[in-house]
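Undergrad: I'll drop the sequence and a predicted model, then ask my questions.
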Amino acid sequence: MRNLLSANFARLWRSRLFWIVEAGVFAWGVLAYYLLRINTANGYPFVNGNSYFFNQMTFVGVTIACFSGLFIGTEYSDGTMRNKINVGHSRVTIYLANLVTVTCAGLAQFAAYTLAALTAGPLLTGDLVWSKLHSLPETFALAFLSICTSAAIAVLISMVVQDKAKAVLLNAMLSILILAAGASALKGLLQPPMTERVYNTGTGEYAYASEENLGDLEKLGIEMVPNPKYLSGTERKVYEYISAVLPTSLALSCSLDEVENGYDRFSGLQVFGTLAAVAVLSGSGILVFRKKDLK
């Protein structure tokens with residue numbers, strides 16, 4: 001394992017793709033705080049520092065997926081994978097070494113964005129970069145868990161699909177689908193138990209807001225009613241389990257500045273969900289890879 005990791009990290013260090021991704025993520029961090037500077041200069045309120053400090057977590061699964069497909073796919077295309085097996089390395093150690101390497105590459109991307117936030121952020125926004133940050137230790141833990149699960153998914157696809165182009169395409173498509181699923185699950189959990197409803201005080205009728213009824217504001221009333229979209233009971237538990245397993249739900253939770261509507265963004269469930277997901281994904285990938293006929 002040590003020799004495999006040494007070879008992987010040496011190759012990673014020499015990889016042009018790796019440094020292009022690092023530079024791109026750093027540039028994205030600079031752009032995020034430049035946009036914050038413009039927004040505050042134009043009078044837009046700044047209420048959530050996490051949404052800028054952890055902005056890269058929104059798409060980290062996509063970058064990890066594409067990088068993994070190209071990095072591991074190259075081992076198939078140039079015969080390195082077969083050579084590793086021929087010299088005596090077991091398929092299990094090869095798989096695990098690639099998993100560790102891709103995970104570290106994802107953490108390096110996160111570090112590059114954080115470096116941009118810590119350097120370009122203060123230069124562009126001053127002390128504003130440090131304000132309104134919420135629960136940094138928990139949020140860094142969420143980012144780590146999300147990266148681990150994203151790497152496990154990406155490595156599974158990359159190790160099973162030998163064709164580099166197909167692996168990159170499948171990884172990219174799956175990461176986008178998981179992003180949509182994670183956003184949907186998190187949106188459901190953040191629904192408030194009560195919501196506002198507008199009605200006409202004269203007739204008592206409920207209607208959607210429009211130019212006609214908003215033109216006569218004194219006749220409008222607002223009342224709090226139960227939100228039909230609020231999740232409770234077993235349905236809420238299911239959504240919580242789904243969000244604990246999906247890396248994108250964890251990644252998007254990094255941008256939350258506080259616990260909202262009873263949703264605890266970081267708990268033992270997230271840790272257990274990540275461990276379970278990584279174990280199942282990696283175990284499945286190893287089983288398939290051990291039986292795979294390398295061309």
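TA: Great, that's in hand.
Undergrad: thought Leu99 was touching Ser158?
TA: No - counting by CB atoms under 8 Å, Leu99 does not reach Ser158; the two are 9.9 Å apart. For every residue, glycine as well, the C-beta is placed using N, CA and C.
Undergrad: which other residues reach stretch 5-12?
TA: Phe18, Phe71, Ala97, Asn98, Val100, Thr101, Cys104, Ala105 (CB atoms under 8 Å, 6 or more residues apart in numbering).
Undergrad: what's around Ser184, how many residues?
TA: Ser184 has 16 neighbours, counted by other CB atoms under 10 Å.
Undergrad: can you tell me how far it sits from Ala23?
TA: Ser184 is 32 Å from Ala23, where distance means CB to CB, to the nearest Å.
Undergrad: Then Val238?
TA: 41 Å.
Undergrad: what does Ala117 give?
TA: For Ala117, the distance to Ala23 equals 15 Å [CB to CB].
Undergrad: for Leu31, same thing?
TA: Distance from Leu31 to Ala23, by CB to CB: 12 Å.
Undergrad: Looking at these two, which is more packed in?
TA: Leu31 (14 against 11).
Undergrad: per-residue confidence averaged over the helix or strand harbouring that one?
TA: Assigned by DSSP states H and E, Leu31 belongs to helix 16-41. Summarised as a single mean, pLDDT over helix 16-41 is 91.
Undergrad: Show me the shaky parts of this structure.
TA: 197-223, 258-262, 295 (pLDDT under 70).
Undergrad: Helices of that one, residue ranges please.
TA: For the chain, the helices defined by DSSP state H occupy 2-14, 16-41, 50-53, 60-77, 80-86, 91-125, 136-160, 164-189, 211-214, 233-245, 247-253, 268-291.
Undergrad: Counting by contacts, list what the fifth one packs against.
TA: Based on contacts counted as 3 or more CB pairs under 8 Å, 6 or more residues apart in numbering; DSSP states H and E, the elements that helix 80-86 packs against are helix 60-77, helix 91-125.
Undergrad: try it again with 10 Å
TA: On a contact count with 3 or more CB pairs under 10 Å, 6 or more residues apart in numbering; DSSP states H and E, helix 80-86 meets helix 2-14, helix 60-77, helix 91-125.
Undergrad: Would you mind putting the ones you listed into JSON lines with distance to Asp293 alongside?
TA: As requested, those are exported to JSON lines (distance: least, CB to CB, whole Å):
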{"stretch": "helix 2-14", "distance to Asp293": "21"}
{"stretch": "helix 60-77", "distance to Asp293": "12"}
{"stretch": "helix 91-125", "distance to Asp293": "12"}
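Undergrad: just those: most buried one?
TA: helix 60-77 (a mean of 23; mean count of other CB atoms under 10 Å).
Undergrad: Export only the CA atoms of it, formatted as CSV.
TA: Provided in CSV are the C-alpha atoms of helix 60-77 (Å, rounded to 0.1, in the frame of the first residue of the first chain):
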residue,chain,number,x,y,z
VAL,A,60,-16.9,19.8,-5.2
GLY,A,61,-18.6,16.5,-6.1
VAL,A,62,-18.5,17.4,-9.8
THR,A,63,-14.8,18.3,-9.8
ILE,A,64,-13.9,15.2,-7.8
ALA,A,65,-15.9,13.0,-10.2
CYS,A,66,-14.3,14.4,-13.4
PHE,A,67,-10.8,14.3,-11.9
SER,A,68,-11.2,10.7,-10.7
GLY,A,69,-12.4,9.6,-14.1
LEU,A,70,-9.5,11.1,-15.9
PHE,A,71,-6.8,10.2,-13.3
ILE,A,72,-7.8,6.5,-12.9
GLY,A,73,-8.9,6.2,-16.5
THR,A,74,-5.3,7.0,-17.5
GLU,A,75,-4.1,4.0,-15.5
TYR,A,76,-6.3,1.8,-17.6
SER,A,77,-5.4,3.4,-21.0
